[in-house]
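K.L.:
Provide a 3D model corresponding to the input given below.
(4 chains)
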Number of protein chains: 2
Amino acid sequence: MNVKHNKENVLKTGLDLFCHKGFNSLGIDEICKVTGMTKGAFYNAFKSKEQFLIEAIVLYAKNNVNRIKTQLQANKKDTAYNRLLQFYISMLEVQPKVNFMGCFINNIMSELGATNENVGIAATKAFDEFIEAIEPTVKEAQRENELDANINARQITELLHSTFYGALTRAKSSKDHQQSIHTMNLLFNNLKIKP
Amino acid sequence: MNVKHNKENVLKTGLDLFCHKGFNSLGIDEICKVTGMTKGAFYNAFKSKEQFLIEAIVLYAKNNVNRIKTQLQANKKDTAYNRLLQFYISMLEVQPKVNFMGCFINNIMSELGATNENVGIAATKAFDEFIEAIEPTVKEAQRENELDANINARQITELLHSTFYGALTRAKSSKDHQQSIHTMNLLFNNLKIKP
DNA sequence: ATATTCAAACAGAACGGTCTGTACAAATAA
DNA sequence: TTATTTGTACAGACCGTTCTGTTTGAATAT
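P.N.:
Have a look, this model is predicted:
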């Protein structure tokens, strides 16, 4: 077996598996089988399955924050408001392609947040990072007079975040992202300052 | 042991346990221990753990729909808009008392929706019932001119629902319901027709 | 009223399978 | 050589489910 098993690669694969199967339904054996690792190598690299999950959460958070920042900073010719809306819509539009798996952090939070403190902490931190990555663009939209500058930017961001995650969960449940896209559009419409 | 083990009572207890521990973290042994049942009695009453969960979901949905209807129809002296807002706020306010467990349906959906079709169907049905229980009061608020009658009532209800569940998940994650209450207030403020 | 029958409810040990984590020897690197 | 990493087998716990035998209580027969 000539495959290099650096932690980053294994984590990437494990993260993908966790995304689709959750924590309890995914065994170490399967992770090893898919990555071509053996148990010895796995437990040499990771203290435990829990620790592996936590590192996967951190990796997911990092990737997601990067994606948020990249996507919100692309198309700068467009307004901040439009970039925000497009960002959320695109996250919903991708759902059919990923089997409506929703948000990994949300899923893990639901499965383990109540019983496993360390996992709960890692997941909460990830959530916070997402919100912080979005807030600057909300402020930008306020400066561009498309979102109400009298409302605290953080509050607006929290509202966008909550509605989006609710809509994402709804899409996951109903296996239909169109309704969720309508919901996000309706919210954005309502928040937009009428000229 | 003189306890009567009718299904309803066992389901009630099991539901409570599922709410706090999720599906995979709760074993049949624990259900039996808490209810004072034995395995024989359990498997005589229920086909499987999965079937037990599904019946618990149905029970939860029934209770919750009743609670929604009762709460939205109380205080009729208040406007429909205010009753809606108060309903959501009260659901968030109770979170500290239930250890920020969030919504049972949402949790189960996140844990099993992707891997277990039957559970997914039951959870989706529950979600739909909640929305249908709320929609009439949204229509009422439109008739009372506090919500925009030009927008489809179902769409507004979906928006309220999504934001609420997102906010609930956020409260669960951050162990802080105040931020979520702000979020719901902000949404309602924005939706209210300015006089 | 009393005895008999019988199906459903129940007890709880046992089973088969799965899981995480460990032991330890072999392989490799220093 | 000595230290580290890897491969594999396995320990030990756990879990959902099944199984066998027992209790129970109502229906039926005497």
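
K.L.:
which strands and helices sit next to the helix of greatest length in chain A?
P.N.:
Ranked by number of residues, the top helix in chain A under DSSP state H is helix A:117-143. If you count contacts as 3 or more Cβ pairs under 8 Å, 6 or more residues apart in numbering or on different chains; DSSP states H and E, helix A:117-143 packs onto helix A:49-73, helix A:80-93, helix A:104-112, helix A:153-174, helix B:153-174. Just so you know, the C-beta spots here come from the backbone N, C-alpha and C atoms, and that holds for glycine as well.

K.L.:
now check the shortest one, is it near chain B?
P.N.:
Same thing as helix A:104-112. Yes. Contact between helix A:104-112 and chain B, assessed by Cβ under 8 Å from any Cβ of the partner chain, occurs at A:106, A:107, A:109, A:110, A:111, A:112.

K.L.:
Write the ChimeraX selection for whichever of those residues are buried.
P.N.:
Command for ChimeraX that selects the buried part of those, burial taken from 16 or more other Cβ atoms under 10 Å in any protein chain shown:
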select /A:106,107,109,110,111,112
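
K.L.:
Quick one: residues contacting residue A:110.
P.N.:
Taking Cβ atoms under 8 Å, 6 or more residues apart in numbering or on different chains, we find residue A:110 in contact with B:22, B:102, B:106, B:107, B:108, B:109, B:110, B:111, B:169.

K.L.:
The residue nearest to it when sequence neighbours are not counted and residue B:120, how far apart?
P.N.:
Closest residue in space to residue A:110, ignoring its immediate chain neighbours: residue B:110 at 3.4 Å, by Cβ to Cβ, 6 or more residues apart in numbering or on different chains. Between residue B:110 and residue B:120 the computed distance is 11 Å (Cβ to Cβ, to the nearest Å).

K.L.:
For chain A, give me the ranges with low pLDDT.
P.N.:
Residues of chain A meeting the criterion pLDDT under 70: A:1-5.

K.L.:
May I ask you to confirm that residue A:195 belongs to a strand?
P.N.:
No. Under DSSP: H, G, I helix; E, B strand; the rest coil, residue A:195 falls outside any strand and is assigned coil.

K.L.:
Helix, strand, or coil at the residue of chain A found nearest DNA strand D?
P.N.:
Using Cβ to the nearest atom of the strand, the single residue of chain A nearest to DNA strand D is residue A:40, 2.0 Å away. Taking three-state DSSP as the rule, one finds residue A:40 in the helix state.

K.L.:
now it: how far from residue B:158?
P.N.:
In terms of Cβ to Cβ, residue A:40 sits 51 Å off from residue B:158.

K.L.:
my guess is residue A:54 meets residue A:122, correct?
P.N.:
Yes. Applying Cβ atoms under 8 Å, one finds residue A:54 in contact with residue A:122, separated by 4.8 Å.

K.L.:
So between those two, which is more surrounded?
P.N.:
More crowded of residue A:54 and residue A:122, by other Cβ atoms under 10 Å in any protein chain shown: residue A:122, with 23 against 20.

K.L.:
who's in contact with that one?
P.N.:
Contacts of residue A:122 (Cβ under 8 Å, 6+ apart): A:54, A:57, A:58.

K.L.:
Could you report the separation of it from chain B?
P.N.:
Separation of residue A:122 from chain B (Cβ to the nearest Cβ, to the nearest Å): 11 Å.

K.L.:
same thing with residue A:87?
P.N.:
Counting by Cβ to the nearest Cβ, the gap from residue A:87 to chain B is 16 Å.

K.L.:
so how many other residues sit close to that residue?
P.N.:
When neighbours are defined as other Cβ under 10 Å, residue A:87 has 19 of them.

K.L.:
what's the burial count for the spatially closest residue to residue A:192 that is not a sequence neighbour?
P.N.:
Spatially, and ignoring its direct neighbours in sequence, residue A:192 is nearest to residue A:146 (5.9 Å; Cβ to Cβ, 6+ apart). Using other Cβ under 10 Å, residue A:146 has 20 neighbouring residues.

K.L.:
wait, residue A:146 sits on residue A:78?
P.N.:
No. Judged on Cβ under 8 Å, residue A:146 makes no contact with residue A:78 at a distance of 11.0 Å.

K.L.:
which one is residue A:13 nearest to, not counting chain neighbours?
P.N.:
Closest residue in space to residue A:13, ignoring its immediate chain neighbours: residue A:35 at 5.0 Å, by Cβ to Cβ, 6+ apart.

K.L.:
Would you mind listing what in chain A touches DNA strand C?
P.N.:
Along chain A, the residues adjacent to DNA strand C under the rule Cβ under 7 Å from any atom of the strand are A:26, A:27, A:28, A:29, A:39, A:40, A:43, A:48, A:49, A:50.
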